[in-house]
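S.K.: using only what follows, build the 3D model:
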Amino acid sequence: MKHSMFQTVIIGVFVVLAVGGAIYFANPPEDKSSELAGAVGKVTIWGTYPLTPDLTKFFADFNQRYSKAFSVEYRAFDPRTFDRDIVEGLASGMGPDILLLPDDLILRHSDKILPMSYTPQFGQREFLNTFVQAAEIYLHPNGIVAFPYAIDPMVMYWNRDIFTNASIPEPPKYWDDFKLLAPRLTKTDRAQKVVQSALPFGEFSNVKNAKSILSMLFLQTGSPIVYMSGDRPTVLLTKFADKQKNPAIPMVLQFFMDFSNPRKTVYTWSLSRQNSEDEFLSGNLAVYFDYASNYQRLKLKNPNLNFDVAMVPQFRDPETGTVKRETTVARLHGLAVMKSSKNQTTAFIAIRTLLNPENAERFAQVFDLPPVRRDLLANRPADAVKAVAYDSALRGKTWLDPRPEESDKAFRDMVEAMSSDRMTADNAAEFLNSRLVDLVTPYVPQ
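M.R.: Have a look, this model is predicted:
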C-alpha cells in the first residue's frame, strides 16, 4: 500500500499550543505507544450515517483496539433534521465533540468548528496530496476545518437493453453525443407522448438529484459555484475570478433545458413522466444519474433490470475534442472538532486514528463507498462497478452550499422559470447567481 506524506505525519503526536489552541502534527515518534499520547476519556461523534450492524461492529472493534487510551461513541441522526439537531444540541450544552458533517452544512456551521492550523509538516499541499480533490472545500485561511471521511460520487446508470435495441454499443462519454443519441433512445406513442426517454433533463420536480446534476454541469465548466476566497465565501457562477463573464453557464443551462423542449429534436423528457428513478427502474429511461452508493438499492428494487454503471459524460472542447478536466459532483462528509468540545485533544487524536488507512478503508467498506484517501484509491478494485466509483471519487468535486433548503428552492425556481419561458438562459444564470449571493452574505466577515 502506498504511503503518503499524511500517513507519515498523521501517526505523530498531537500537540496543543497554548496560544490560540492551535493543534499540529509532530514528527512520528519511535515509541509507537506515544501515538495516542494525550488521549483520555470518551469523545462523541454525531453524523447522519445510519448505525447499521456493520457500523456498530466497526466502532466496537475500534474502541476495543484503542481502549487503553480513549473511546468513541457514535450517534446517528436523521439527515432531514440534522441541522436543527446540531443547533439544539449545542444550545443545551449536550452537543458532540466531533461532527461527521455533510459538505452542504460546512459553511453553515463553520463558526462552531475548531480548525487545525497549517504546519510545515502538514499544510495545504500535503492535505491535497492525501485526500480527494473534493476535500479542498475544507481548506480555509486559518486552517483545516474538517477532514474527509466519506465520499459518494455521482455516476451514470444505463439500461443495457434500451441501448442494445437502439444498436448503440456503449453509453456516451460526452454530453454532445446525446444530441445524436436522444432521438434514437426516445420513443413516443401514437399521440406523440413520450413513453421512453433518453435522459431526465429539462425539469426539476420529477428529476431526482436535479440540483446535483446542475451543480455537476456547472462544475464541469470550471466554475466553483461558491468557494472560499481568503476568509470570504464567494459566489463565482456567472463570472470568472477576473470578473469577466463566464459564457459556459448559460450554455450548459440551455443544454439541460433543451431535452424538455418539444420544439427541439432532442426532446425526451416532460412533467408527464414519473420520477426519474421510477422511470429507470421501470425500464423506460436509458440513463439515470445518481450517487454510487445507490447501486445495490437499485439492484434490490428491480433485480431483473439489465443495467450497468459508467462515469458521467463530460463536456469536450469543440475544436480539440478533448476534456480539460474530468469532473463529477460528489457528496462529502468530513470529521470536524467542535469549539465547544471539552476534550478537544482527544477529539483530534480520534480523527487522526479514524483516518489511518486501515480504519478509513473499513469505514468506506461498511457503506460500500470508495475511500477518501488517494493512496487507497490507487488500489483500484477488480469489480467493475466499484472501479467506476473509485475513478469517479478521484474526479469528484463539490461546493460550499450556504443553506441547502434555500439553494434547492433557487435551483428549482430557475429551472421552472426557464421551462415556462419566463427567463432566458442568461437571465436564469444571473438569477441563480444573485440568489446565491444573498445566501452567502450572512457568512461574509464584516
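S.K.: contacts and neighbour counts: CA atoms only from here.
M.R.: Noted.
S.K.: quick check: domain ranges of the protein?
M.R.: 5-151+330-397, 153-328+400-443 (automatic domain parsing).
S.K.: first-to-last residue distance for the last one?
M.R.: One end of domain 153-328+400-443 sits 27 Å from the other (C-alpha to C-alpha, to the nearest Å).
S.K.: hey, least reliable of the domains of the chain by pLDDT?
M.R.: Lowest mean pLDDT within the domains of the chain: domain 5-151+330-397, at a mean of 87.
S.K.: list the contacts for the closest residue to Asp78 other than its chain neighbours?
M.R.: Excluding the flanking residues, the one nearest Asp78 by C-alpha to C-alpha, 6 or more residues apart in numbering is Thr48, at 5.9 Å. Contacts for Thr48 (C-alpha atoms under 8 Å, 6 or more residues apart in numbering) come out as 76-79, 82, 100-101.
S.K.: just the buried positions in stretch 51-65, please.
M.R.: Across stretch 51-65, burial judged by 16 or more other C-alpha atoms under 10 Å covers 55, 59, 62-63.
S.K.: in which helix or strand does the residue nearest to the spatial centre of the chain reside?
M.R.: Central residue of the chain (C-alpha atoms, centre = their mean): Arg331, 1.9 Å from the mean position. Assessed by DSSP states H and E, Arg331 sits inside strand 328-337.
S.K.: which residue packs closest to Ala39, ignoring adjacent ones?
M.R.: Thr346 (4.4 Å).
S.K.: hang on, Asp230 packs against Pro141?
M.R.: Not quite, residue 230 is Gly, not Asp. Yes. Counting by C-alpha atoms under 8 Å, Gly230 does reach Pro141; the two are 5.9 Å apart.
S.K.: which of those two has more neighbours?
M.R.: Pro141 (16 against 10; other C-alpha atoms under 10 Å).
S.K.: how far away is the more buried one from Ser117?
M.R.: In terms of C-alpha to C-alpha, Pro141 sits 9 Å off from Ser117.
S.K.: just confirm Leu436 contacts Thr234, I think it does.
M.R.: No. Between Leu436 and Thr234 there is no contact under C-alpha under 8 Å: 9.2 Å.
S.K.: the two: who's more crowded?
M.R.: Leu436 (24 against 20).
S.K.: check contacts around that one.
M.R.: By C-alpha under 8 Å, 6+ apart, Leu436 lies in contact with 235, 402, 407, 410.
S.K.: what number of residues lie near the third one?
M.R.: Going back to what we said before, that points to Ser407. When neighbours are counted by other C-alpha under 10 Å, Ser407 comes out with 17.
S.K.: that one against Trp399, yeah?
M.R.: No. Counting by C-alpha under 8 Å, Ser407 does not reach Trp399; the two are 11.9 Å apart.
S.K.: any idea which residue of the chain is furthest from its center?
M.R.: No residue in the chain sits farther from the centre than Arg190, which is 41.7 Å out by C-alpha atoms, centre = their mean.
S.K.: neighbouring strands - and their directions - for the strand holding Arg331?
M.R.: strand 98-102 (antiparallel), strand 147-159 (antiparallel), strand 396-397 (parallel) (DSSP bridges).
S.K.: which residues touch the shortest one?
M.R.: The contact list for strand 396-397 (C-alpha under 8 Å, 6+ apart) reads 132-135, 153-154, 219, 327-330.
S.K.: got a ChimeraX select line for the buried ones in those residues?
M.R.: To isolate the buried subset of the contacts of strand 396-397 in ChimeraX, counting by 16+ other C-alpha under 10 Å, use the following:
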select :132,133,134,135,153,154,219,327,328,329,330
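S.K.: would you map the strands across the stretch 101-250 of the chain?
M.R.: 139-140, 143-144, 147-159, 187-188, 194-196, 225-229, 232-236 (DSSP state E, counting those that start in this stretch).
S.K.: which non-adjacent residue is nearest Arg373?
M.R.: Phe131 (4.6 Å).
S.K.: same deal with Leu139?
M.R.: Val145 (6.6 Å).
S.K.: and that neighbour, its phi and psi?
M.R.: phi -80, psi -20 (degrees, to the nearest 10).
S.K.: how close does it get to Pro381?
M.R.: Going from Val145 to Pro381 by C-alpha to C-alpha gives 31 Å.
S.K.: so for these two, which sits in the more crowded spot?
M.R.: With other C-alpha under 10 Å as the criterion, Val145 and Pro381 differ in neighbour count, and Val145 comes out ahead with 25 against 14.
S.K.: circling back to that earlier point, need the overlap of contacts for Gly230 and Pro141.
M.R.: Common neighbours of Gly230 and Pro141 (C-alpha under 8 Å, 6+ apart) do not exist.
S.K.: burial measure for Arg352, as a count.
M.R.: Arg352, neighbours per other C-alpha under 10 Å, totals 22.
S.K.: go on, Lys208?
M.R.: Lys208: 18 neighbours (other C-alpha under 10 Å).
S.K.: now do the same contact list for the residue nearest to it when sequence neighbours are not counted.
M.R.: Of all residues not flanking Lys208 in the chain, Ser276 sits nearest, at 5.9 Å (C-alpha to C-alpha, 6+ apart). Applying C-alpha under 8 Å, 6+ apart to Ser276 gives the contacts 200, 206-208, 285, 288.
S.K.: ok, Ser276 to Val195 distance?
M.R.: From Ser276 to Val195 the distance is 13 Å (C-alpha to C-alpha).
S.K.: count of residues packed around the residue lying closest to Gln314 once chain neighbours are set aside?
M.R.: Of all residues not flanking Gln314 in the chain, Tyr174 sits nearest, at 4.7 Å (C-alpha to C-alpha, 6+ apart). Look at Tyr174: counted by other C-alpha under 10 Å, it has 15 neighbours.
S.K.: and Tyr174, what does it touch?
M.R.: Counted by C-alpha under 8 Å, 6+ apart, Tyr174 has contacts 313-316.
S.K.: which one (most neighbours) among these?
M.R.: Top of the contacts of Tyr174 by neighbour count (other C-alpha under 10 Å): Gln314, with 23 neighbours.
S.K.: list the contacts of that residue.
M.R.: 173-175, 220, 323, 326-327 are the contacts of Gln314 under C-alpha under 8 Å, 6+ apart.
S.K.: try 7 Å this time
M.R.: Counting by C-alpha atoms under 7 Å, 6 or more residues apart in numbering, Gln314 makes contact with 173-175, 323, 326.
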